[in-house]
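**Student:** got a structure for you, letters missing:
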């Protein structure tokens, strides 16, 4: 039987606040276990939470960027369940009155564009982390993360393939990073996604039984986990079995999902309004004030790069992949108004070094000014394009100005006609056969002769001048 794949997505984005959602503890990643805790995030009796205004601001800005309706009246609820990493025995979240609702994100897969509806985005606190070490007696709990502010973004079940999910996730991640509300680090868990996937016979309106997938920390694993789960559910249904409503973990080593626990329904959590937190009231004026702080988002900036700078779509996609990279490119173009040349260098030499070092464009040791200085040396024919590419790794690693490197290595390009003429005469004298071939109409031989001149000059000869002078000599 043919089945239709139905996928909705829950994404938990850790907000880039300096303190937790309801207390003043820090949120820095990687500190010693339980070093960022206090009576509030430890759930001690008698403690009272206080809402982090910065987290609310970040949630509103994200909702506006995702075309959501902002709930001027929203409130927090208690989501009740027992787990060792949840010290209070409940999680403070939002249920009936979330801060953001009814948004939309348009994704592009191949040549097709598709809107993905956002059902809701709500604020909540994170839980702690259970640590299971091999050989240890029992498990341990690190509550550093408990209380860290999260924005949970929930879509409608609008996606029908792994490719659509990855496209949505990439666009959402770029948007969150442009807004500077989340660092998008999936490996550290500051951006976590949980696909909810079901199958139904083609033509059937009712949804099938959904399975939630967890423990996915890269786009590659998202794609692999979804594709595996589609095959698994198809096999179960074709063999006459039933899909269990459950949460399954993705095992990237085995390339398969495995049962974690049965999937809860909303009523299992016994949500009720948190009595320690009054309803949150946001003024329309404040919401509109936050709207004015929104940056140009990735999609709009990508379209502008194509229209304003005449870049190919691929270049625009790469350059707008992060706000830091797009800002770097535009800073260069303001100093050196040749967009395609700048694009080639940023996407080529610079991006290669950044990737090797594992840093973003914001941390590039080669400033836009220094990259432009290198490009200007090529434009003025002070050095050749080949030399510029060869010295770029040193430019990146040393912190020296390009002019200093060129001077120290004696790489200044030779453009003096007298000096070049002497080298050309020597090359012509040593290559009689090729000269005669050229004069006999075999013009492709010119490239060989140019190469010999470049070799004799140690790569310093100006290729344009060499071509010009060789043609004159050979014509005589």
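**Tutor:** Yes, it's here. All of these numbers come straight from a predicted model, not from anything done at the bench.

**Student:** Pull up the pairing partners for the top strand by length along the chain, direction included.
**Tutor:** Scanning the chain for the strand with the most residues, using DSSP state E, yields strand 112-125. The strands beside strand 112-125 in its sheet (DSSP bridges) come out as strand 100-109 (antiparallel), strand 149-155 (antiparallel).

**Student:** quick one, helices of the stretch 251-400 of the chain?
**Tutor:** For the stretch 251-400 of the chain, applying DSSP state H, counting those that start in this stretch gives helices covering 284-291, 298-309, 313-319, 323-335, 339-345, 351-357, 368-379, 385-398.

**Student:** who wins for proximity to residue 115 among those helices?
**Tutor:** Of all the helices of the stretch 251-400 of the chain, helix 298-309 sits nearest to residue 115, with 12.4 Å by C-beta to C-beta. (Glycine included, C-beta is placed from N, CA and C.)

**Student:** so what does the closest one touch, helix or strand wise?
**Tutor:** Applying 3 or more C-beta pairs under 8 Å, 6 or more residues apart in numbering; DSSP states H and E, we find helix 298-309 packed against helix 162-179, helix 313-319, helix 323-335, helix 339-345.

**Student:** what distance separates it from the middle of the whole chain?
**Tutor:** Averaging C-alpha positions (C-alpha atoms, centre = their mean, to the nearest Å) puts helix 298-309 17 Å from its chain's average.

**Student:** Residues touching that helix, excluding its own?
**Tutor:** 106, 171, 174-175, 178, 296, 311-313, 315-317, 319-321, 326, 329, 333, 339-340, 343 (C-beta atoms under 8 Å, 6 or more residues apart in numbering).

**Student:** quick one: residue 389 and residue 350 touch, right?
**Tutor:** No. Counting by C-beta atoms under 8 Å, residue 389 does not reach residue 350; the two are 11.5 Å apart.

**Student:** out of those two, which sits in the more crowded spot?
**Tutor:** Counted by other C-beta atoms under 10 Å, residue 389 and residue 350 do not tie: residue 350 has more neighbours, with 23 against 14.

**Student:** who touches residue 122 in this structure?
**Tutor:** Applying C-beta under 8 Å, 6+ apart to residue 122 gives the contacts 59, 74, 93-95, 98-100, 151-152, 154.

**Student:** Save the residues you listed as a markdown table, and put in neighbour count, pLDDT and distance to residue 66 too.
**Tutor:** Formatted as a markdown table, the contacts of residue 122 follow (neighbours: other C-beta atoms under 10 Å; pLDDT from 0 to 100; distance: C-beta to C-beta, whole Å):
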| residue | neighbour count | pLDDT | distance to residue 66 |
| --- | --- | --- | --- |
| 59 | 29 | 98 | 11 |
| 74 | 21 | 96 | 16 |
| 93 | 19 | 97 | 19 |
| 94 | 25 | 97 | 16 |
| 95 | 19 | 94 | 20 |
| 98 | 24 | 97 | 13 |
| 99 | 26 | 97 | 12 |
| 100 | 27 | 98 | 7 |
| 151 | 23 | 98 | 10 |
| 152 | 18 | 97 | 13 |
| 154 | 18 | 97 | 11 |
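
**Student:** what's the closest of these to residue 9?
**Tutor:** Out of those, the member with the shortest distance to residue 9 (by C-beta to C-beta) is residue 154, at 7.5 Å.

**Student:** hang on, the earlier thing: for the helices and strands packed on helix 298-309, state which one has the densest average packing.
**Tutor:** helix 162-179 (a mean of 21; mean count of other C-beta atoms under 10 Å).

**Student:** Isn't residue 370 up against residue 404?
**Tutor:** No. Counting by C-beta under 8 Å, residue 370 stays clear of residue 404, with 10.6 Å between them.

**Student:** still on that earlier bit, what would the helices and strands packed on helix 298-309 look like in a markdown table with distance to residue 467 and mean pLDDT?
**Tutor:** Below are those laid out as a markdown table (distance: least, C-beta to C-beta, whole Å; pLDDT from 0 to 100):
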| stretch | distance to residue 467 | mean pLDDT |
| --- | --- | --- |
| helix 162-179 | 44 | 95 |
| helix 313-319 | 29 | 96 |
| helix 323-335 | 29 | 97 |
| helix 339-345 | 21 | 97 |
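
**Student:** Which one of the contacts of residue 122 is nearest to residue 6?
**Tutor:** Using C-beta to C-beta, residue 154 comes nearest to residue 6 of the contacts of residue 122, at 14.6 Å.

**Student:** show me the contacts for the closest one.
**Tutor:** Counted by C-beta under 8 Å, 6+ apart, residue 154 has contacts 8-11, 118-122.

**Student:** what about 6 Å?
**Tutor:** Going by C-beta atoms under 6 Å, 6 or more residues apart in numbering, residue 154 touches 10, 119-120.

**Student:** next one: residue 427
**Tutor:** 452-453.

**Student:** Per-residue pLDDT of it, please?
**Tutor:** pLDDT recorded at residue 427 is 86.

**Student:** doesn't it fall inside a helix?
**Tutor:** Yes. Assigned with DSSP: H, G, I helix; E, B strand; the rest coil, residue 427 falls within a helix.

**Student:** so which of the helices and strands packed on helix 298-309 gets nearest residue 278?
**Tutor:** Going by C-beta to C-beta, the one of the helices and strands packed on helix 298-309 nearest residue 278 is helix 162-179, 27.2 Å.

**Student:** What is the helix or strand that that closest one is followed by packed up against?
**Tutor:** Downstream of helix 162-179, the next assigned helix or strand under DSSP states H and E is strand 191-201. The contact analysis (3 or more C-beta pairs under 6 Å, 6 or more residues apart in numbering; DSSP states H and E) places strand 191-201 against strand 3-14, strand 211-214, helix 219-238.

**Student:** again, 10 Å this time
**Tutor:** strand 3-14, strand 149-155, helix 162-179, strand 211-214, helix 219-238, strand 246-251 (3 or more C-beta pairs under 10 Å, 6 or more residues apart in numbering; DSSP states H and E).

**Student:** Sheet-wise, list the partners of that strand with their directions.
**Tutor:** Counting by DSSP bridges, the strands paired with strand 191-201 are strand 3-14 (antiparallel), strand 211-214 (antiparallel).

**Student:** quick check: mean pLDDT across the longest one?
**Tutor:** So that's strand 3-14. Averaged across strand 3-14, pLDDT comes to 96.

**Student:** repeat for stretch 294-307
**Tutor:** Regarding stretch 294-307, the rounded mean pLDDT is 95.

**Student:** Name the residues of it that are buried.
**Tutor:** Within stretch 294-307, the residues scored as buried using 16 or more other C-beta atoms under 10 Å are 295, 297-299, 301-302, 304-305.

**Student:** go on, stretch 385-395?
**Tutor:** By neighbour count on 16+ other C-beta under 10 Å, the buried set for stretch 385-395 is 387-388, 391-392, 395.

**Student:** Show me which of those is closest to residue 422.
**Tutor:** residue 387 (20.9 Å).
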